[in-house]
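Asker: Predicted model, plus sequence, below.
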Amino acid sequence: MYKKILKMIKKYNTIVIARHIGVDPDALCSQLALRDVIKLNFPDKKVLSVGTGSAKFIHIGKLDRLEEVEDALLIVLDTPDKKRVDSVDVSKFSDVIKIDHHPFVESFQGLEYIDDKASSTCEIIMDFLLQTKLLVNSSISELLFMGLVSDSNRFLFNSCTSETFSLVSYYLAKYPFDISQAYQKLYLRPLNEVRLEGYISSNMVVSEHGLGYIKITDAIIQKLGVDSASAGNMINDFNFIKEVLVWATITEDIKNKQIRISIRSRGPIINHIAEKYHGGGHKFASGARVKTFDEAMDLMRDLDQVLMEYNSEVKSDGN
Ligand code: AMP
């Protein structure tokens with residue numbers, strides 16, 4: 001498949017690289033890295049990495065402005081379904097390539113490379129570049145490292161295999177970069193966000209089955225001077241709480257008239273519950289957008305039910 005993907009990239013003079021709405025470092029870094037690799041290896045091609053950015057990731061790199069393009073190839077990264085592709089209409093392109101590490105949702109009617117065991121889309125891109133022997137440089141290597149580190153939550157997840165570490169080791173050796181700078185670009189944050197983290201840990205509601213959740217109203221967002229994406233972005237910081245196996249942030253997003261829910265699990269699979277509320281994601285890291293706090297609480301009840309069943313299975317397995 002990598003060969004076919006490279007052949008398709010070679011065929012087009014104009015290439016647009018998109019990813020999912022609600023930008024995160026893996027999506028952003030993979031699209032910036034792939035753009036820069038294509039430009040490095042094929043300087044005559046026009047390559048645009050597009051989508052809505054976020055001030056939070058300004059130090060990672062710059063996206064391109066979406067222009068009218070004709071006879072172009074679209075590469076969609078880190079996105080399993082068409083409705084979540086940011087800023088572009090998949091049907092308007094001559095050919096489409098999808099590269100993703102989410103569980104399969106729908107075909108984009110083009111070339112698809114999906115590895116839902118990979119830690120990140122950046123890990124897949126690392127492997128693709130290595131196998132196809134495309135030229136890389138240190139800033140591309142740093143981007144790929146940042147995306148992988150972010151999506152694996154600094155190598156904490158089981159999706160990190162010996163292959164993951166081999167790839168990281170290969171890129172660090174061949175295209176070195178300042179690792180502490182890379183971590184600063186990812187993790188430096190304003191004091192207000194740390195205060196929000198304090199608010200979440202002080203006010204998290206924890207059920208007897210191990211569900212932890214926090215409701216963050218717009219009033220709290222205003223009071224703490226953060227934005228509606230902040231709580232979801234820090235959800236991984238609440239891993240490893242002994243009493244909590246599944247946890248969620250529920251944040252009011254007044255501007256978009258929605259409630260954003262981010263969910264993580266150290267126990268039961270949760271993505272089918274997110275899907276029930278028009279969301280989705282990975283088995284242990286999912287999200288959804290709902291209209292009301294009542295709907296969000298319905299989702300919490302479903303998660304609590306899943307936990308109850310999970311706990312009784314674990315208990316009966318142990319007997
Ligand atoms: P988040 O908590 O926003 O970081 O999302 C965790 C995972 O769930 C990511 O893989 C997202 O792509 C996925 N996800 C989040 N929100 C949605 C949604 N509304 N629909 C489908 N997948 C989602």
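Answerer: Alright, I've got the coordinates.

Asker: Against which helices or strands is the helix-or-strand element of the chain with minimal mean pLDDT packed?
Answerer: Lowest by mean pLDDT, DSSP states H and E among the helices and strands of the chain is helix 230-233, with a mean of 90. Contacts defined by 3 or more C-beta pairs under 8 Å, 6 or more residues apart in numbering; DSSP states H and E place helix 230-233 against helix 191-203, strand 246-253, strand 258-265. All C-beta spots, glycine's among them, are computed from the backbone N, C-alpha and C.

Asker: Neighbouring strands - and their directions - for the helix or strand following the longest one?
Answerer: Okay, so that is helix 191-203. As assigned by DSSP states H and E, the chain's next helix or strand after helix 191-203 is strand 205-206. As defined by DSSP bridges, the strand partners of strand 205-206 come to strand 211-216 (antiparallel).

Asker: Run through who's touching the strand it pairs with.
Answerer: For strand 211-216, contacts defined as C-beta atoms under 8 Å, 6 or more residues apart in numbering pick out 196, 199-200, 203-206, 231, 238, 241, 243-252, 293, 296, 300, 303-304, 307.

Asker: Report whether stretch 107-127 contacts the ligand.
Answerer: No: Stretch 107-127 does not reach the ligand (C-beta under 6 Å from any ligand atom); its nearest approach is 10.1 Å.

Asker: and that stretch, how far out from the chain's middle?
Answerer: 13 Å (C-alpha atoms, centre = their mean, to the nearest Å).

Asker: hey, where'd the strands end up in the stretch 1-150 of the chain?
Answerer: 14-19, 46-49, 73-77, 95-100, 111-114 (DSSP state E, counting those that start in this stretch).

Asker: Please tabulate these in CSV, including the columns mean neighbour count.
Answerer: Converted to CSV, the strands of the stretch 1-150 of the chain look like this (neighbours: other C-beta atoms under 10 Å):
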stretch, mean neighbour count
strand 14-19, 25
strand 46-49, 20
strand 73-77, 27
strand 95-100, 23
strand 111-114, 17
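
Asker: Quick one, which of those strands gets closest to residue 180.
Answerer: Nearest to residue 180 among those is strand 46-49 (25.8 Å), distances taken as C-beta to C-beta.

Asker: Just checking: what are the partner strands of that closest one?
Answerer: strand 14-19 (parallel).

Asker: the inter-axis angle of the strand it pairs with versus strand 73-77?
Answerer: 20 degrees (axes from the mean of the first three to the mean of the last three C-alpha atoms, to 10 degrees).

Asker: any weak-confidence spans in this protein?
Answerer: Low-confidence regions of the chain, defined by pLDDT under 70, span residues 319.

Asker: How about the longest helix seen in it, which residues are buried there?
Answerer: Counting residues, the longest helix in the chain under DSSP state H turns out to be helix 293-318. Neighbour-count burial for helix 293-318 flags 295, 296, 299, 300, 302, 303, 304, 306, 307, 308, 310, 311 (criterion: 16 or more other C-beta atoms under 10 Å).

Asker: Take the helices and strands packed on helix 230-233 and write them to CSV, including distance to residue 5 and mean neighbour count.
Answerer: Shown next, in CSV, are these (distance: least, C-beta to C-beta, whole Å; neighbours: other C-beta atoms under 10 Å):
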stretch, distance to residue 5, mean neighbour count
helix 191-203, 38, 15
strand 246-253, 36, 24
strand 258-265, 31, 23
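
Asker: Looking at these, spot the one closest to the ligand.
Answerer: Nearest of the helices and strands packed on helix 230-233 to the ligand, taken as C-beta to the nearest ligand atom: strand 258-265 at 3.1 Å.

Asker: Now the element after the closest one, going C-ward?
Answerer: Going down the chain from strand 258-265, the next helix or strand is helix 271-276, by DSSP H and E.

Asker: Which residues of the stretch 51-200 of the chain lie near the ligand?
Answerer: 84, 102.

Asker: if I pick the residue of the stretch 101-250 of the chain found nearest the ligand, what's in contact with it?
Answerer: Here the residue of the stretch 101-250 of the chain nearest the ligand is residue 232; by C-beta to the nearest ligand atom that distance is 5.0 Å. Taking C-beta under 8 Å, 6+ apart, we find residue 232 in contact with 249, 251, 260, 261, 262, 287.
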